[in-house]
Structure formats: structure tokens, C-alpha cells
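1. Whatever this is, show me its structure:
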Amino acid sequence: MKIFYQTTSQDGQPTEAKKSLWKQLANKENWRISQLENGYFQTEFETEDTYFHPMTRRTTIEAAETAIDETVEHYIKKLEFLEGPKVVKTFKK
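-> You can find the predicted model right below:
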């Protein structure tokens, strides 16, 4: 459930608007799950203008929450990578 596939500007860095959106998407408090008339569950996220944007539909509430959790985790990682590369392993001489 990824929002954008084109995430960088001409200079290779995301815009401030994108960073702000990523921060909103990375906060689970900005998400909700609604049940639709057909019985499906729809994930939605709230923007600064207090409008909920529909994202995906799932057959169970558990699947909908899993989709939200995975999206939150994805955008947390994107925000971490904005800080630059991080060392994941070093070797002794």
C-alpha cells in the first residue's frame, strides 16, 4: 500500500511537502478503518485539512490493520533514510 512511486525532485531530494506527507503517513494515529456497505474494510488516512483519504480495501479488519502497519513501517524507514546512510555492519581489522 505505497502512496507514491515518484518520490524525488530534480535534485534527488524529496520536497518539503512530500516529507510532511510521509510524516503523516508514518503516524498510525492518522489512520482509521471504515466498513463499507459491501462488507469490505477500507483503510483511510487523515491529512492536515482533516480530510480522510481512502487507500485500500480488505476483506477482514485484521488484513486492513496489517496493511496500515506495513505502510506506517514503510514511511518510517523512508524518513530514516532522509538522514543519510547508516552503518549496518563493520568488520574488525
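2. which of the residues in the longest helix along the chain are buried?
-> As assigned by DSSP state H, the longest helix anywhere in the chain is helix 61-81. Within helix 61-81, the residues scored as buried using 16 or more other CB atoms under 10 Å are Ala63, Ala64, Glu65, Ala67, Ile68, Thr71, Val72, Tyr75, Lys78. (Glycine included, C-beta is placed from N, CA and C.)
3. how far is it from where the chain is centred?
-> 5 Å (CA atoms, centre = their mean, to the nearest Å).
4. Only the C-alpha atoms, please, for it, written as PDB.
-> Output in PDB follows, covering the C-alpha atoms of helix 61-81 (Å, rounded to 0.1, in the frame of the first residue of the first chain):
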ATOM      1  CA  ILE A  61     -10.400  -5.900   9.700                       C
ATOM      2  CA  GLU A  62      -7.200  -7.800  10.500                       C
ATOM      3  CA  ALA A  63      -6.000  -7.600   6.900                       C
ATOM      4  CA  ALA A  64      -6.800  -3.800   6.900                       C
ATOM      5  CA  GLU A  65      -4.800  -3.200  10.100                       C
ATOM      6  CA  THR A  66      -1.900  -5.200   8.800                       C
ATOM      7  CA  ALA A  67      -1.900  -3.100   5.600                       C
ATOM      8  CA  ILE A  68      -1.800   0.100   7.800                       C
ATOM      9  CA  ASP A  69       1.000  -1.300   9.900                       C
ATOM     10  CA  GLU A  70       3.100  -2.200   6.900                       C
ATOM     11  CA  THR A  71       2.500   1.300   5.400                       C
ATOM     12  CA  VAL A  72       3.500   3.000   8.600                       C
ATOM     13  CA  GLU A  73       6.700   0.900   8.800                       C
ATOM     14  CA  HIS A  74       7.500   1.700   5.200                       C
ATOM     15  CA  TYR A  75       7.200   5.500   5.700                       C
ATOM     16  CA  ILE A  76       9.200   5.400   9.000                       C
ATOM     17  CA  LYS A  77      12.000   3.800   7.000                       C
ATOM     18  CA  LYS A  78      11.800   6.400   4.300                       C
ATOM     19  CA  LEU A  79      12.100   9.200   6.900                       C
ATOM     20  CA  GLU A  80      15.100   7.500   8.500                       C
ATOM     21  CA  PHE A  81      16.900   7.300   5.100                       C
END
